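**Q** model this:
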Amino acid sequence: MDFLLLLAFGYLLYGIVGLLGFQKIPEVHRDKPWTKAYIRWQAVSWILMALPLLVYSFYFSSGQCILSLGKRIWLLLMLFVPTIIFEVIRSRKFSRLLKGEKEQEKAEKDGDRQ
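**A** The predicted structure is shown next:
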């Protein structure tokens with residue numbers, strides 16, 4: 001079996017398991033009011049990572065499509081553009097949430113000292 005296809009199925013399976021709530025996440029994102037949303041969006045991110053690999057693997061597995069290696073790599077990178085954009089937006093959203101909570105905790109501690 002093709003390595004990329006195997007990798008895609010692994011990502012897809014991990015994304016589906018993540019949608020069910022079973023996913024390893026960083027410690028800083030645990031026990032927050034938005035942790036469930038983070039886990040879901042992380043799972044969607046894994047699924048979106050699998051889709052370009054699945055498309056690429058199925059398209060080139062037949063062996064009838066003859067493209068140079070450079071064009072194949074370029075195609076694979078172009079298939080990942082929506083995933084990269086989604087990941088950047090998702091990452092910024094939860095980084096802002098985490099930063100806001102840290103600033104709020106810091107403000108509460110400073111308020112308690114006075």
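**Q** tell me the secondary structure for Leu67?
**A** Here Leu67 is coil, with the state taken from DSSP: H, G, I helix; E, B strand; the rest coil.
**Q** any low-confidence regions in the protein?
**A** 1, 62-64, 112-114 (pLDDT under 70).
**Q** Which helix runs longest in it?
**A** Counting residues, the longest helix found in the chain (DSSP state H) is helix 81-113.
**Q** what comes up buried for it?
**A** Thr83, Glu87, Arg90, Phe94, Leu97, Leu98 (16 or more other CB atoms under 10 Å). C-betas here are computed from N, CA, C, even on glycine.
**Q** can you check stretch 48-62 too?
**A** Residues of stretch 48-62 classed as buried: Leu48, Met49, Ala50, Leu51, Pro52, Leu53, Leu54, Tyr56, Ser57, Phe60 (neighbour count, 16+ other CB under 10 Å).
**Q** do the same with stretch 4-22
**A** Residues of stretch 4-22 classed as buried: Leu4, Leu5, Ala8, Tyr11, Leu12, Tyr14, Gly15, Gly18, Leu19 (neighbour count, 16+ other CB under 10 Å).
**Q** Spatially nearest residue to the last one (excluding sequence neighbours)?
**A** Spelled out, it's Leu19. In this structure, Leu19 finds its nearest non-sequential neighbour in Ala43, 4.5 Å apart by CB to CB, 6 or more residues apart in numbering.
**Q** Which of the helices or strands spans the one you found?
**A** helix 35-61 (DSSP states H and E).
**Q** Which strands and helices lie in contact with that helix?
**A** helix 3-19, helix 69-79, helix 81-113 (3 or more CB pairs under 8 Å, 6 or more residues apart in numbering; DSSP states H and E).
**Q** Of those helices, which is nearest Tyr38?
**A** helix 81-113 (5.5 Å; CB to CB).
**Q** one step back: and of the helices and strands packed on helix 35-61, who's closest to Trp34?
**A** helix 81-113 (5.7 Å).
**Q** now the angle from that closest one to helix 69-79?
**A** Note on geometry: by axes from the mean of the first three to the mean of the last three CA atoms, to 10 degrees, helix 81-113 and helix 69-79 are set 50 degrees apart in direction.
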